[in-house]
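> Below is the sequence, then the predicted model.
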Amino acid sequence: MYAIIAFLPIIVTIVLMVGFNWPAKRALPLAWLLSGIIGIAVWGMPFISMSGNSFIGQTLTGFLSAFEVLFIIFGAILIMNTLSQSGAMAAINRMFRGITPDARLQAIIIGFIFGAFIEGAAGFGTPAALAAPLLISVGFPPLCAAMVALIFNSVPVCFGAVGTPTNTAFTTVTGAVSDLGGNPDAWKTAFTLWSAIPLAIGAAVIMIIGVGFVCKFYGKNRKFSDVVPTIPYILFTTAVFDIFYLLIAAFIGPELVSLLAAIITLFVVLFTTKKGFLVPKDVWTFDDKEKWDKSWLSTTRVPDPKVSEMSLAKAWLPYILIACLLVLTRVCQKFGAGWADALKTFTVGTGKSNIILGANWNWAILWSPGIIFILVALITTLIHGMSGETVSIAWKGTFKQVKGAAIAMLFGVAMVNIFRYTSMPIDRIPEGVAAGASYSMLYAMAKGLADIAGSAYLVIAPFIGVLGAYMSGSNTVSNTLFSSLQFQTAGMVGLPYVLIVAMQNNGGAIGNMICVNNVVSACATTGTNGNEGKIIRTNIIPCVAFCVIVIVVIGIAIAMGVNPQPLPYTNG
């Protein structure tokens, strides 16, 4: 009974976003309000109190926590817009022309590797929006370009926008980790690595499926088997990418996993491809444009790619600076450098001063990747000699892009705070609840899932992440909504906390290939508006296949007794 009541805000969110096509920025404020009404009326949460555990206190704390994430998102999108306006992105795009005439390899280089780089740098729909038009410029049918760019925008997503989804998931569970006696830093390291492992294992499969779909649905022969000659090339590309992807996840942290792994892989693969290493003997290309199905073509005019004479070294310099600064600060902090520790420990916030009704919020602003992005964006305006007008366009565009995400993030985090910090009076707690447990709305939801699924919850976990991404268009928002729920449920069914929350993170990443926001964005930038349903129906196959890979990988790990950073189970 209480579990159903607690789930109502989530159910309303799903109905509004999936059934009525409401955007997250409209649905989540309403769900937040409903969670507050339920928290106050059913759970007895105070509307306002100096203890901080009140509707107003947790809402304000949620807003402040969301602002930390939005600051990173703003910086990531700002650097992307700055490079687009300066001509650097056009120069980078120019690099890809003439590498290889084989469309299968172009899909891997541009769709997967370059897309992973863009995801690591900016995230939030930018990979498909940038990679898909570039694929069109080298000869891909527009609809094909949108499809494959979306399929490949899965492996790097957990670490998109310098690790924002992973950091967000960790932020939502860090209090629970501490409450159970865990070491948050060690837990985050394990969580980062196990978010990477299943995706790294599935990377080759998803590349084979993506290229196979290009051949099957858009090729001359319409044969999936045309992907076979590229498998050695795919395995090599995957090996290079995965080595750095996993090493960075294990030893540096989530911020650089996709960004740095993609940069290194890009230059390695460009070099080896030029040398003909593992390049198929027979060049595979699309049929003449006159023979293309009309549904593959753009239905609206797509602007021609910008032209820039900027040198590649100058174009890449901002990203090299970002990578160096992030590596320098993160690695030095891990080895105990005093100045790096000072950056991480310097905070601004409310402390315990009751400024916001008792809630405690502290932000290590100098440690935020957003600071590095904004700093490099300002340096770039000078290095690239940008005019005041182009700088203004970049900043105004960034504020406009972040505005929609801001509303969803603010109210999403606030709602999760209410879920977590409601606490039903002891005399009203139902039977069967673990002794000493705080019967919050989140606890009620988790217990309901645990009672229904039991140990089979392993199979459900990644699909909850997919659902969150499908609804909201963002792995970050999906993790905001469901990471705490996944953590709590893992404790009740006796499954490793790290692995189950990693499955949530993976599911949210995989869901990017079918989420409405990304599909609409890809169709808009390729001029294939009206084909959104067709792309979702096609991409649901690799989406489900990738979730199965995640379930198998994590299932095998659990069967082998793997339990990174174990914490006590609640057995509720």
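Structure's in. What do you need?
> Wait, Asp226 touches Trp284, no?
Yes: using C-beta atoms under 8 Å, Asp226 makes contact with Trp284 at a distance of 6.1 Å. No exception for glycine: its C-beta is placed from N, CA and C like everyone else's.
> what's the overlap in contacts for these two?
Between them, Asp226 and Trp284 share these contacting residues under C-beta atoms under 8 Å, 6 or more residues apart in numbering: Arg104, Cys215, Gly219.
> What about those residues, which are in helices?
Arg104, Cys215 (DSSP state H).
> And the pLDDT at the residue nearest to Phe373 when sequence neighbours are not counted?
Spatial nearest neighbour of Phe373, chain neighbours left out: Gly75 (2.9 Å); criterion: C-beta to C-beta, 6 or more residues apart in numbering. On pLDDT, Gly75 comes in at 86.
> In this structure, where is pLDDT below threshold?
Along the chain, the parts satisfying pLDDT under 70 run over 51-52, 300-306, 351-359, 404, 432-437, 571-572.
> where along it do the strands fall?
348-349, 362-363 (DSSP state E).
> Out of those strands, which one sits most buried?
For the strands of the chain, the largest average neighbour count (mean count of other C-beta atoms under 10 Å) is found in strand 362-363, namely a mean of 16.
> what's next to that one, contact-wise?
Here strand 362-363 has contacts from Leu64, Phe67, Glu68, Thr347, Val348, Gly349, Thr350, Gly351, using C-beta under 8 Å, 6+ apart.
> hmm, try it at 6 Å
Glu68, Thr347, Val348, Gly349 (C-beta atoms under 6 Å, 6 or more residues apart in numbering).
> Direction included, what does that strand pair against?
Take DSSP bridges as the rule and strand 362-363 pairs in its sheet with strand 348-349 (antiparallel).
> Could you check how far the partner strand is from the centre of its chain?
Computed by C-alpha atoms, centre = their mean, to the nearest Å, the separation of strand 348-349 from the middle of its chain amounts to 26 Å.
> which residues in the stretch 101-250 of the chain form helices?
Listed in chain order, the helices of the stretch 101-250 of the chain (DSSP state H, counting those that start in this stretch) span 103-106, 115-121, 126-137, 142-152, 160-179, 184-218, 231-251.
> most distant residue from the middle of this structure?
Relative to the C-alpha centroid of the chain, counting by C-alpha atoms, centre = their mean, Asp427 is the outermost residue, at 41.4 Å.
> and the gap between that one and Tyr439?
Separation of Asp427 from Tyr439 (C-beta to C-beta, to the nearest Å) stands at 11 Å.
> give the contact list for Arg517.
For residue 517 the amino acid is Asn, not Arg. Applying C-beta under 6 Å, 6+ apart, the residues contacting Asn517 are Gly473.
> For it, give its distance to Ala24.
The spacing between Asn517 and Ala24, counted by C-beta to C-beta, is 8 Å.
> likewise Phe463?
Per C-beta to C-beta, Phe463 is found 19 Å from Ala24.
> Kindly report the same for Met310.
Noted for Met310: a distance of 36 Å to Ala24, by C-beta to C-beta.
> Have a look at those two and say which one is more surrounded.
Ala24 (26 against 19; other C-beta atoms under 10 Å).
> Please save the CA atoms from stretch 286-294 in CSV.
The C-alpha trace of stretch 286-294 is given here as CSV (Å, rounded to 0.1, in the frame of the first residue of the first chain):
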residue,chain,number,x,y,z
PHE,A,286,26.5,3.2,-50.4
ASP,A,287,24.5,2.9,-53.7
ASP,A,288,24.2,6.0,-55.9
LYS,A,289,22.0,8.7,-54.3
GLU,A,290,19.5,8.4,-57.1
LYS,A,291,18.7,4.8,-55.9
TRP,A,292,18.2,5.7,-52.3
ASP,A,293,14.7,5.3,-50.7
LYS,A,294,13.0,8.6,-50.3
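> residues making contact with it?
Contacts for stretch 286-294 (C-beta under 6 Å, 6+ apart): Ala103, Pro141, Lys220.
> Correct me if wrong: the second one contacts Val214.
No: in this structure, Pro141 is not within contact of Val214 by C-beta atoms under 6 Å, at 9.3 Å.
> So for these two, which residue has more residues nearby?
For the pair Pro141 and Val214, the greater number of neighbours falls to Val214 (28 against 25), based on other C-beta under 10 Å.
> what sits against Asn506?
So Asn506 contacts Pro198, Pro462, Val550 (C-beta under 6 Å, 6+ apart).
> ok, and the most crowded of these?
Pro462 (30 neighbours).
> before we move on, the earlier item: now the contacts of stretch 286-294 as TSV including distance to Ile540?
Shown next, in TSV, are the contacts of stretch 286-294 (distance: C-beta to C-beta, whole Å):
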residue	distance to Ile540
Ala103	24
Pro141	20
Lys220	26
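> and which of the residues you listed is nearest Ile10?
For the contacts of stretch 286-294, the residue nearest Ile10 by C-beta to C-beta is Pro141; the value is 38.6 Å.
> How much space separates the residue nearest to that closest one when sequence neighbours are not counted from Glu309?
Closest residue in space to Pro141, ignoring its immediate chain neighbours: Trp296 at 3.9 Å, by C-beta to C-beta, 6+ apart. Per C-beta to C-beta, Trp296 is found 33 Å from Glu309.
> ok, these two, which is more surrounded?
Using other C-beta under 10 Å as the criterion, Trp296 and Glu309 rank with Trp296 on top: 20 against 8.
> Quickly note the distance from the more buried one to Val283.
To Val283, Trp296 is 21 Å away according to C-beta to C-beta.
> ditto for Val459
42 Å.
> and if you look at Pro564?
Distance from Pro564 to Val283, counting by C-beta to C-beta: 45 Å.
> Looking at those two, which one has more neighbours?
Neighbours were counted for Pro564 and for Val283 using other C-beta under 10 Å; Pro564 has more, 17 against 12.
> just to revisit the earlier point, tell me which of the contacts of stretch 286-294 is nearest to Leu260?
If you rank these by distance to Leu260 using C-beta to C-beta, Ala103 comes first, at 27.6 Å.
> right, and that closest one touches Thr285 too?
Yes: using C-beta under 6 Å, Ala103 is in contact with Thr285, at 5.4 Å.
> higher neighbour count, these two?
Ala103 (23 against 13).
> Tell me who's in contact with the more buried one.
Trp284, Thr285, Phe286.
> And for Phe114?
By C-beta under 6 Å, 6+ apart, the residues touching Phe114 are Ala131.
> redo that, cut-off 8 Å
Applying C-beta under 8 Å, 6+ apart, one finds that Phe114 lies in contact with Phe96, Ala131, Leu134, Ala262, Leu266.
> Neighbour-wise, which one of those leads?
Ala131 leads the contacts of Phe114 on contacts (other C-beta under 10 Å) with 32 neighbours.
> measure that one to Val211 for me?
14 Å.
> for Ser423, same thing?
Per C-beta to C-beta, Ser423 is found 52 Å from Val211.
> Between those two, which is the more surrounded one?
Between Ser423 and Val211, counted using other C-beta under 10 Å, the more crowded position is Val211 (30 against 18).
> Thought Thr230 was touching the more buried one, still the case?
Yes: between Val211 and Thr230 there is a contact at 5.9 Å, judged by C-beta under 8 Å.
> intersection of neighbour lists for the two?
Common neighbours of Val211 and Thr230, using C-beta under 8 Å, 6+ apart, are Arg104, Ile108.
> List the contacts of Val155.
Contacts of Val155 by C-beta under 8 Å, 6+ apart are Phe112, Ala116, Leu199, Ala200, Gly202, Ala203, Ile206, Ser258, Ala509.
> Repeat the analysis, applying 6 Å as the threshold.
The contact partners of Val155, taken as C-beta under 6 Å, 6+ apart, are Leu199, Ala203.
> Quick check: phi and psi at it.
With angles defined as degrees, to the nearest 10, Val155 sits at phi -60, psi -40.
> and the gap between it and Ile113?
Taking C-beta to C-beta, one finds Val155 at 10 Å from Ile113.
> Same question for Leu60.
Taking C-beta to C-beta, one finds Leu60 at 42 Å from Ile113.
> These two: which is more packed in?
The neighbour comparison of Leu60 against Ile113 (other C-beta under 10 Å) goes to Ile113, with 28 against 20.
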